[in-house]
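Q: Structure for this input, please:
(one chain, ligands or ions: 1)
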Amino acid sequence: MSLSWRCWQEVPTTKQKTRLAAKKSLDDFVKNAVAKALLVRKLNPKGKELDKQKPPRENFVLVKSSVDTKIFSMFGRKPNQRSEFTQQELDKAQAQLPQLVNEVLKEVLGRPKSFLPQLIVEDAKSSHNCRFNKDHRIRKGEKRLTAKEGREKLRYCPVCAVHFLRLDIVTIQNTIAALEASQSTATPVA
Ligand SMILES: [Zn+2]
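A: Now for the predicted structure:
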């Protein structure tokens with residue numbers, strides 16, 4: 001427990017004021033803990049390599065929001081309900097903060113890569129034929145899909161790309177369904 005934390009609690013004030021101070025204080029603690037954790041791992045807070053979302057958020061923003069989410073769910077809250085945390089909850093969240101930050105970093109750093117090849121929608125830099133059908137001409141400046149498989153770059157016209165992606169969606173959904181079905185009948189490991 002830090003000195004400033006104690007000071008807040010000793011100021012004679014209404015419960016709500018104390019809680020607001022504690023809430024503000026918790027947010028500062030989260031920010032500090034996240035900044036420190038990134039620094040220790042030599043990760044740039046403003047870098048964007050950790051987020052798999054498009055467009056990616058900055059490392060700091062990603063980790064901070066993930067820690068916030070963990071704090072909310074710890075008490076069964078939804079985001080934006082933090083002002084309703086009790087003093088006790090705020091104390092508990094602060095005590096568990098280092099552990100929460102570690103968990104988030106583990107998840108973010110250990111996330112498996114996508115099963116899909118890297119897919120890039122871009123403007124064709126020169127005219128060429130579609131990979132699937134050489135009658136599909138892609139003119140310079142027109143949209144194309146580039147699928148990177150290892151070192152190879154496979155380029156498709158939008159019609160073919162959309163067709164194959166839709167087939168992939170079906171494959172993915174069937175695969176998930178098969179895995180989930182096996183989950184429900186599997187005997188949990190004792
Ligand atoms: Zn095509």
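Q: So which residue is smack in the middle of the protein?
A: residue 51 (5.4 Å; C-alpha atoms, centre = their mean).
Q: show me what contacts it?
A: Residue 51 is in contact with 57, 58, 59, 62, counting by C-beta atoms under 8 Å, 6 or more residues apart in numbering. Glycine gets a C-beta too; all of them are placed from N, C-alpha and C.
Q: Which of those residues fall in strands?
A: Among the contacts of residue 51, none falls in strands (DSSP state E).
Q: okay if I get those as a markdown table plus pLDDT, neighbour count and distance to the ion?
A: Converted to a markdown table, the contacts of residue 51 look like this (pLDDT from 0 to 100; neighbours: other C-beta atoms under 10 Å; distance: C-beta to the ion, whole Å):
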| residue | pLDDT | neighbour count | distance to the ion |
| --- | --- | --- | --- |
| 57 | 94 | 14 | 34 |
| 58 | 95 | 15 | 37 |
| 59 | 95 | 22 | 38 |
| 62 | 95 | 21 | 36 |
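Q: Now the two most distant members of those.
A: Of all pairs drawn from these, the widest gap by C-beta to C-beta lies between 57 and 59 and measures 8.0 Å.
Q: picking that back up, from residue 64, how far off is the residue nearest to the centre of the chain?
A: Residue 51 sits at a distance of 12 Å from residue 64 (criterion: C-beta to C-beta, to the nearest Å).
Q: Give the buried residues for stretch 46-53.
A: Across stretch 46-53, burial judged by 16 or more other C-beta atoms under 10 Å covers 50, 51.
Q: Measure how far that stretch is from the centre of its chain, please.
A: On the basis of C-alpha atoms, centre = their mean, to the nearest Å, stretch 46-53 sits 8 Å off its chain's mean C-alpha point.
Q: That one: end-to-end distance?
A: 15 Å (C-alpha to C-alpha, to the nearest Å).
Q: Run through the residues that contact residue 145.
A: 119, 120, 121, 155, 156, 157, 158, 161, 165.
Q: Now the third one. Nearest residue, chain neighbours left out?
A: Spatial nearest neighbour of residue 121, chain neighbours left out: residue 145 (5.8 Å); criterion: C-beta to C-beta, 6 or more residues apart in numbering.
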